[in-house]
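> structure for the following, please:
(chains A, B, C and D)
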Number of protein chains: 2
Amino acid sequence: MKKKHTKILLVDDEPDILEIIGYNLSAEGYQILTAENGIKAISQAKKHKPHLIILDVMMPEMDGIEACEKLRAIPELSETVITFLTARGEDYSQVAGFDAGADDYITKPVKPKVLVSKVKALLRRFKEEGANDTNIKLGNLVINREEYKIQKGKEEIILPRKEFELLALLASKPGKVFKREDILDRVWGNEVVVGGRTIDVHIRKLREKIGDEKFKTVKGVGYKFVV
Amino acid sequence: MKKKHTKILLVDDEPDILEIIGYNLSAEGYQILTAENGIKAISQAKKHKPHLIILDVMMPEMDGIEACEKLRAIPELSETVITFLTARGEDYSQVAGFDAGADDYITKPVKPKVLVSKVKALLRRFKEEGANDTNIKLGNLVINREEYKIQKGKEEIILPRKEFELLALLASKPGKVFKREDILDRVWGNEVVVGGRTIDVHIRKLREKIGDEKFKTVKGVGYKFVV
DNA sequence: GTAAATTGTTACCTCTATGTTACTTAATTG
DNA sequence: CAATTAAGTAACATAGAGGTAACAATTTAC
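Numbers count the residues shown, from 1 in each chain, chains lettered A, B, ... in the order given. Reported below is the predicted structural model:
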């Protein structure tokens, strides 16, 4: 993920803080959004779906903790990292912050360098966690969705699209039996009508390339991938 | 969950739309309910607790958004998936829809195939989220519906489909006596006619594999599974 | 206690779902 | 646009799940 596309929402009631933090982060290439209170923060968050939200704890009207709880309740923001900004010494807010669903906290005053590295660290953590969706690792097998390739041990295998998608589907839940109908729906799509032996043939090819033992047939139901 | 038992409530003021969508979905095996307006939709929903509700946004009297909010307020429908049906271009309704608690939206006109696959996807998402009851644990026995396998102590047993389904049915309510007729309906399906000894033979095989003592015969009635 | 009904057991058969191969058609690629 | 690779089809092979028949054992009815 490039910084240019990484959105950070700053929420604080003091314009000075917004300015100084905003300046430092945008100098790093991040896209900055701001809000002066919890209510505006929520509407901004809904609108822009930022990757990171930095929330001041002490704010008039709706404080940071309450805002955090509200933000966490929004499904689209489940992937968003939330961190608190707290004055040094207000120890209680740490605990309350984590209860409310925050991922980290930053104490004020904060040196620009420290702030930037903290933000980077948080986003890196986020990115790595989110990247697990694209790379499936199973035993000696790595399925790389992004690059459309398979790594088996040190060997790199390029699979044709359908075979790749079939493998990716089965491997997305190892052990789970996927019904033939579901496989058709999800790999071929509803629109396409294919003959009755098509899935079998593709399974056969995968067995040849990946290993026979990894694909189990459950007669009358479908197939499953085992590790 | 079999499609036969999946209820979908269609709400639209145009009978044509109800008919065409209803036809396509019932052809897929879903059980279809309909309502011409928001008020009727709510009473239908309360009565039948559908798994999915497809709501037209533009309706006289109570529009889709208002209906959606009312539906979401009904506790029994918390598990229900709600999706809007909106004419292409009415972009505002998307946003308003999500605010009102909808899970997705479908734009009209919609091709039957697309509709069907969207519905399947929605129900799959829902099903996966609510799929905590796929594992039945009874004593030293674990029945794993998702992986179609049985775990007895440390031993793993793979059962043929009918045997698995028969076991899963009996074990779904330990102690309850299932009538022969009911077993036929639910494992074999009411269309199929099989000979009089078929169930017994399958029970025999289960007794062999799982343990004689777990399957009790209730003469003149049926069988039950005991722990 | 005997007959009738119901269930248990075994061996065996059938037919369906899947496996496999070779081939045709469609899509990509240089 | 020719060559190459992917996707899908057809045709046949095969295993084993699912079912049946025949008879035994057990329970229930009278």
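> so who does residue A:8 touch?
The contact partners of residue A:8, taken as Cβ atoms under 8 Å, 6 or more residues apart in numbering or on different chains, are A:25, A:30, A:31, A:32, A:33, A:50, A:51, A:52, A:53, A:54, A:119. C-beta: built from backbone N, CA, C; applies to glycine.
> out of the residues you listed, which touch chain B?
Near chain B, taking Cβ under 8 Å from any Cβ of the partner chain as the test, no member of these is found.
> gap between the residue of chain A found nearest DNA strand D and residue A:169?
Nearest to DNA strand D in chain A, going by Cβ to the nearest atom of the strand, is residue A:160, at a distance of 2.7 Å. According to Cβ to Cβ, to the nearest Å, residue A:160 stands 15 Å off from residue A:169.
> looking at these two now, which is surrounded by more residues?
Legend: neighbour count by other Cβ atoms under 10 Å in any protein chain shown for residue A:160 and residue A:169, higher for residue A:169 (17 against 11).
> now do the buried residues in the biggest strand by length in chain A.
Looking across chain A with DSSP state E, the single longest strand is strand A:81-87. Going by neighbour count (16 or more other Cβ atoms under 10 Å in any protein chain shown), the buried part of strand A:81-87 is A:81, A:82, A:83, A:84, A:85, A:86.
> I'd say the third one and residue A:115 touch.
It refers to residue A:83. No - checked against Cβ atoms under 8 Å, the pair residue A:83 and residue A:115 is beyond contact range at 10.4 Å.
> list the residues that contact both of those two?
The contact sets of residue A:83 and residue A:115 overlap at residue A:106 (Cβ under 8 Å, 6+ apart).
> near chain B, which residues of chain A? Just list them.
Residues of chain A lying close to chain B by Cβ under 8 Å from any Cβ are A:173, A:175-177, A:182, A:185, A:189-191, A:218-221, A:224.
> one more time with 10 Å, if that's ok
Taking Cβ under 10 Å from any Cβ of the partner chain as the contact definition, chain A meets chain B at A:46-47, A:74-76, A:173-178, A:181-182, A:185-186, A:189-192, A:216, A:218-222, A:224, A:226.
> dump stretch A:199-219 to PDB, keeping only the CA atoms.
Output in PDB follows, covering the C-alpha atoms of stretch A:199-219 (Å, rounded to 0.1, in the frame of the first residue of the first chain):
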ATOM      1  CA  ILE A 199     -14.800 -30.200 -12.000                       C
ATOM      2  CA  ASP A 200     -13.300 -33.700 -11.900                       C
ATOM      3  CA  VAL A 201     -10.900 -32.900 -14.700                       C
ATOM      4  CA  HIS A 202      -9.700 -29.800 -13.000                       C
ATOM      5  CA  ILE A 203      -9.200 -31.600  -9.700                       C
ATOM      6  CA  ARG A 204      -7.300 -34.300 -11.600                       C
ATOM      7  CA  LYS A 205      -4.900 -31.600 -13.000                       C
ATOM      8  CA  LEU A 206      -4.400 -30.200  -9.500                       C
ATOM      9  CA  ARG A 207      -3.700 -33.600  -8.100                       C
ATOM     10  CA  GLU A 208      -1.100 -34.100 -10.800                       C
ATOM     11  CA  LYS A 209       0.600 -30.700 -10.100                       C
ATOM     12  CA  ILE A 210       0.100 -30.200  -6.400                       C
ATOM     13  CA  GLY A 211      -0.100 -33.700  -5.000                       C
ATOM     14  CA  ASP A 212      -2.700 -36.400  -5.100                       C
ATOM     15  CA  GLU A 213      -2.900 -36.700  -1.300                       C
ATOM     16  CA  LYS A 214      -4.100 -33.100  -0.700                       C
ATOM     17  CA  PHE A 215      -7.400 -33.400  -2.500                       C
ATOM     18  CA  LYS A 216      -9.900 -35.700  -0.900                       C
ATOM     19  CA  THR A 217     -13.100 -36.700  -2.500                       C
ATOM     20  CA  VAL A 218     -16.200 -37.000  -0.400                       C
ATOM     21  CA  LYS A 219     -18.600 -39.000  -2.600                       C
END
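> any part of that stretch near DNA strand C?
Yes - Stretch A:199-219 lies within reach of DNA strand C by Cβ under 7 Å from any atom of the strand, at A:200, A:201, A:203, A:204, A:207, A:217, A:218, A:219.
> chain center to that stretch, what's the gap?
Centroid displacement of stretch A:199-219 relative to its chain, using Cα atoms, centre = their mean, to the nearest Å, is 31 Å.
> and for stretch A:13-33?
Relative to the chain's own centre, stretch A:13-33 is displaced by 24 Å; criterion: Cα atoms, centre = their mean.
> remind me which residues of chain A are low pLDDT?
A:1-5, A:75, A:88-101, A:124-134, A:190-191 (pLDDT under 70).
> which residues of it lie near DNA strand C?
Close to DNA strand C, as judged by Cβ under 7 Å from any atom of the strand, chain A has residues A:180, A:196-197, A:200-201, A:203-204, A:207, A:217-222.
> if we go to 10 Å?
A:160-161, A:177, A:179-180, A:195-205, A:207-208, A:212, A:215-223 (Cβ under 10 Å from any atom of the strand).
> buried subset of those?
A:177, A:198, A:199, A:202, A:203, A:205, A:215, A:216, A:218, A:221, A:222, A:223.
> just name the closest of these to residue B:20, please.
Distance to residue B:20, by Cβ to Cβ, is smallest for residue A:198 among these, at 29.8 Å.
> how close does that closest one sit to chain B?
Separation of residue A:198 from chain B (Cβ to the nearest Cβ, to the nearest Å): 18 Å.
> for that residue, which non-adjacent residue is closest in space?
Leaving aside its sequence neighbours, residue A:198 sits nearest to residue A:188 (Cβ to Cβ, 6 or more residues apart in numbering or on different chains; 7.8 Å).
> okay, now the one you found: neighbour count?
Residues lying near residue A:188 (other Cβ under 10 Å) number 17.
> can you pull the contacts of it?
A:162, A:165, A:166, A:194, A:198, A:199, A:202 (Cβ atoms under 10 Å, 6 or more residues apart in numbering or on different chains).
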